[in-house]
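> take a look and give me a structure for this.
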Amino acid sequence: MRKRRNLVSDINVVPYIDVMLVLLVVFMVAAPLMVQGVMVNLPETQSKVLPLDQEEPLIISIDSNGAVYLEVDSFKDQSIEMSSLREILEKIILANPDIQVVVRGDSEVKYEKVMDLMSILQSAGAEGVGLITKPPKGK
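Numbering: from 1, shown residues only. The predicted model follows:
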């Protein structure tokens, strides 16, 4: 007589665990690389948080050398000359007059460069401009 084998109806979850561990490692490695924009050393100061509008703000970065970067897809990681910046900003602000504009300035950048940028923003029609800082480390 033949013995009848019992069928095992359990689900083998080991392959699913392997896939989840691989995904976990990938996201742990990729998360620090997802920092948006140009790396600048922001100054530390105590300030209130700006209220965010419904849409993403226009972020303009200035690095320690005074190079200006627009944080939009078409100018990703490309420095922009101050002379052509006004035209670009006018087009962006004309297309979206209510856009919120914020500046990320390196703590080592010359004050003159920041003031030049603020002047260009004002002449391009930006209503209110915010400055991005980071909170002090001790608080």
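> immediately after the lengthiest helix in the chain, which helix or strand?
Looking across the chain with DSSP state H, the single longest helix is helix 14-30. Moving toward the C-terminus from helix 14-30, the next helix or strand (DSSP states H and E) is strand 58-62.
> immediately after that next one, which helix or strand?
Following strand 58-62 toward the C-terminus (DSSP H and E): strand 68-70.
> send me the worst-scoring helix or strand of the chain on mean pLDDT as CSV with only the CA atoms.
The helix or strand of the chain with the poorest confidence is strand 129-132; it has a mean of 84 (mean pLDDT, DSSP states H and E). In CSV, the C-alpha atoms belonging to strand 129-132 read as follows (Å, rounded to 0.1, in the frame of the first residue of the first chain):
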residue,chain,number,x,y,z
VAL,A,129,11.4,86.9,-0.3
GLY,A,130,12.3,84.5,2.6
LEU,A,131,15.8,83.6,3.8
ILE,A,132,16.5,79.9,4.7
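> got the buried residues for it?
By neighbour count on 16 or more other C-beta atoms under 10 Å, the buried set for strand 129-132 is 130, 132. Using the backbone N, CA and C atoms, a C-beta is placed for each residue, glycine as well.
> tell me what it is packed against?
Where contact means 3 or more C-beta pairs under 8 Å, 6 or more residues apart in numbering; DSSP states H and E, strand 129-132 is packed against strand 101-105, helix 111-124.
> tell me the strands beside it, with direction?
Using DSSP bridges, the strands paired with strand 129-132 are strand 101-105 (parallel).
> state the mean pLDDT of the strand it pairs with.
Summarised as a single mean, pLDDT over strand 101-105 is 88.
> angle of that strand against strand 58-62?
Angle, strand 101-105 to strand 58-62, by axes from the mean of the first three to the mean of the last three C-alpha atoms, to 10 degrees: 20 degrees.
> heads up, I number from 486, so please use that
That works, and once the first residue is 486, the last one we named lands at strand 586-590.
> any idea of the angle strand 586-590 forms with helix 596-609?
Between strand 586-590 and helix 596-609, the angle comes out at 170 degrees (the same axes, to 10 degrees).
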